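Participant: I would like the atomic coordinates for the input below:
(one chain, ligands or ions: 1)
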Amino acid sequence: MMDKNRMLRNQQMKFMIYNFIAFTLIFTIFGIIILSQVQNTLYTKADEEMQNYKNRNVNLTPRDSFPPEPRDRDRKMSFNPRMIILHWNETGEIMNQAQIGTQFYENLIDGLQMDEQDLDVIKHLNFNNLYNFRTISYLNDYEDDIYITQLLVNVDAEETVIDNFETILIFCTVIFILLSITASYVLSRKTMKPIMISWSKQVEFVENASHELRTPLTIIQNKLELLLTKPNEKIVDRFENIALSLSETRRLNKLTTDLLTLARADSTETQFVKKSIDIDVLIEQACVPYVEIAESQDKSLWMQLDSKMQLEADASRIHQLLVIILDNALKYTSKNDSIGIKTSYEDHRIVIEISDTGIGIREENVRHIFDRFYREDQARTREKGGFGLGLSIAQWIVSGHQGTIKALQNENKGTTFVIKLPK
Ligand code: ADP
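Facilitator: I've put the predicted structure just below:
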C-alpha cells in the first residue's frame, strides 16, 4: 500500500512537471512571437520612409541630364521632418553639417563614422545608450562630390513603446507561469484521480477473487486427501466427499467464468453483438426452465409480456441478464412465494420488471448490491452458491445497451428489479 501510494504520487509529480514545462514553453514562445511582431510593425513605418526616399533619389536621372526639375519635385515630396539626411564625401566628412544644425551635430552625430560596408541595408543605431535611430546608407551618384548618403530616422518613441510592452509582457508571462504551477497541480490531481480509483478497485478485485478461489480449492484438496487415506474403499462409501468436491468444482467453474466476464468487461474487449430481437419472445423462452424449477419448489412464476417491441440487443447477453435476476429471485424466495415478470413500453424505452415476494433487501444495502463481491449476508449466500458477482455482470450488460437497472423494495415484501432499455 505504501509503495503503491508513493508510485502514484511520483506519477502525479511527473504529470505536474510535464504540464508545467508545457505551459511555460507555450507562454514563452507566445511572448517572443508577440514581441518580435510588435517590434517589426513599429519599425516598419520608419524603414519604409527611408526606403521610399532612397528609391526616389536613386531612380532619378543622372546628374547632367535635362531637365533637372523632377529631382527637386521629388525631393520636396519626400521631405519628412523626422528624417535626417547626411551626405558624406569620399574622405568621410559630412558635407551638409550646416544644414543639420550644430547642436544636433555636436550632441549626436559627432563620432558617427561613414559606413561603407553594409550599403543598402537598414540598421539600428544607438547613440550613447540614449537615442535610437534606424539608418540606411547608399551610394549617391547623382549629386556632385557626394559619395554616400545616409538617412536616419529617430525611433525613440517606438523604442519606448517596445520597452513598455516588453516590461508588461515579461510581467504577465511570469504571472502566468506562476498561475500555471497551480493549474499544473490541479490538472495533475484531476488526471490521477480516476487512475487512482480504478487502481484501488483493481487491487480489491484481485484480492477478493483470490480469496473466493481459495475456499473451494481448500475444500476440494481436503476431500481428495481424505479419499487418499483410504484407497481401498468403494466409491459408494465415500459418496459424500466426492459429491462435495464436485459441487465445489462447479462453483469454481462458475466463479472463474464470472471473473473472466468481468475482466473482459473492464478491458472492453467483449463487444456486444446486437441485432433486432423480440424482447417478449426472448423473455418467454428464458423463463421456460424457471417455471418448472419454481413449481418444484412450490413457488409460482407469472408473466405479463406487453412490450410488443423489437429491440437492438445482444440476445445472449440479455438472456444472461435474465438468468442472473431470475436465479436471484429463486435464491431469495421460499415456499409459496411468487415471482413475476412484466414488460411494457414507455418513453421510448422497454421496461422489464422482475419482482419477487422473497426476503427482500434492506434499505441501507440496496445501493451496494451492484458492487463486485457484495453479498448482503455472506454466510447465507455462500450456502446458496453466490459470489456477489451476478448483479455486477447484470449492470455491465445493461449499460452496454445504454439502459438502467434499479432495485426497489416491494411495498409489502420482496424486491423488484426494474430494467429500462432504450429502443
Ligand atoms: P449473489 O451471487 O450473492 O446473489 P448478486 O450480485 O447476484 O450476488 O447479488 C448481490 C446481493 O444482492 C445478494 O447477495 C443478495 O443479498 C442481494 N440480492 C440480489 N437479488 C436479490 C433478491 N431478488 N432478493 C433479495 N436479495 C437479493
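
Participant: okay, stretch 362-381 in CSV with CA atoms only?
Facilitator: Listed next in CSV are the C-alpha coordinates belonging to stretch 362-381 (Å, rounded to 0.1, in the frame of the first residue of the first chain):
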residue,chain,number,x,y,z
ARG,A,362,-32.5,-4.0,3.5
GLU,A,363,-32.9,-0.3,2.6
GLU,A,364,-29.4,0.6,3.5
ASN,A,365,-27.9,-2.2,1.4
VAL,A,366,-29.7,-1.5,-1.8
ARG,A,367,-27.0,0.9,-3.1
HIS,A,368,-24.3,-1.8,-2.6
ILE,A,369,-25.8,-4.8,-4.3
PHE,A,370,-24.3,-3.9,-7.8
ASP,A,371,-20.8,-3.8,-6.3
ARG,A,372,-18.5,-6.6,-7.1
PHE,A,373,-18.4,-9.4,-4.4
TYR,A,374,-21.1,-7.6,-2.4
ARG,A,375,-23.4,-10.0,-0.6
GLU,A,376,-25.9,-8.9,1.9
ASP,A,377,-25.4,-11.9,4.1
GLN,A,378,-22.1,-13.7,3.5
ALA,A,379,-23.0,-16.9,5.3
ARG,A,380,-26.4,-17.3,3.8
THR,A,381,-25.4,-16.7,0.2
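
Participant: What are the buried residues along that stretch?
Facilitator: Using 16 or more other Cβ atoms under 10 Å as the test for burial, stretch 362-381 gives Val366, Ile369, Phe370, Arg372, Phe373, Tyr374, Arg375, Glu376, Thr381. Where you see a C-beta, it was placed from the backbone N, CA and C, and this is true even at glycine.

Participant: is it true that the fifth one touches Leu389?
Facilitator: Okay, so that is Phe373. Yes. Proximity of Phe373 to Leu389 meets the contact threshold set by Cβ atoms under 8 Å, at 6.7 Å.

Participant: Show me the common contact partners of these two, please.
Facilitator: Counting by Cβ atoms under 8 Å, 6 or more residues apart in numbering, Phe373 and Leu389 have no contacts in common.

Participant: nearest residue to Thr333 other than its sequence neighbours?
Facilitator: Spatial nearest neighbour of Thr333, excluding adjacent residues (Cβ to Cβ, 6 or more residues apart in numbering): Gly358 at 3.5 Å.

Participant: Can you report phi and psi for Phe370?
Facilitator: Main-chain dihedrals, Phe370, degrees, to the nearest 10: phi -90, psi 0.

Participant: so who does it touch?
Facilitator: Counting by Cβ under 8 Å, 6+ apart, Phe370 touches Leu391, Ser392, Ala394, Gln395, Ile405.

Participant: The residues you listed in strands, which ones?
Facilitator: Among these, the members found in strands (DSSP state E) are Ile405.

Participant: between the contacts of Phe370, which is nearest the ligand?
Facilitator: Distance to the ligand, by Cβ to the nearest ligand atom, is smallest for Leu391 among the contacts of Phe370, at 3.4 Å.

Participant: Adding distance to the ligand, pLDDT and secondary structure, write the buried residues of stretch 362-381 out as JSON lines.
Facilitator: JSON lines is the format used below for the buried residues of stretch 362-381 (distance: Cβ to the nearest ligand atom, whole Å; pLDDT from 0 to 100; DSSP: H, G, I helix; E, B strand; the rest coil):
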{"residue": "Val366", "distance to the ligand": "9", "pLDDT": "92", "secondary structure": "helix"}
{"residue": "Ile369", "distance to the ligand": "4", "pLDDT": "94", "secondary structure": "coil"}
{"residue": "Phe370", "distance to the ligand": "7", "pLDDT": "95", "secondary structure": "coil"}
{"residue": "Arg372", "distance to the ligand": "8", "pLDDT": "90", "secondary structure": "coil"}
{"residue": "Phe373", "distance to the ligand": "8", "pLDDT": "89", "secondary structure": "coil"}
{"residue": "Tyr374", "distance to the ligand": "6", "pLDDT": "90", "secondary structure": "coil"}
{"residue": "Arg375", "distance to the ligand": "4", "pLDDT": "88", "secondary structure": "coil"}
{"residue": "Glu376", "distance to the ligand": "3", "pLDDT": "85", "secondary structure": "coil"}
{"residue": "Thr381", "distance to the ligand": "4", "pLDDT": "57", "secondary structure": "helix"}
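
Participant: okay if I get the contacts of Phe370 as TSV plus pLDDT, neighbour count and distance to Ile175?
Facilitator: Below are the contacts of Phe370 laid out as TSV (pLDDT from 0 to 100; neighbours: other Cβ atoms under 10 Å; distance: Cβ to Cβ, whole Å):
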residue	pLDDT	neighbour count	distance to Ile175
Leu391	96	22	53
Ser392	95	22	49
Ala394	97	23	53
Gln395	96	21	48
Ile405	97	19	51
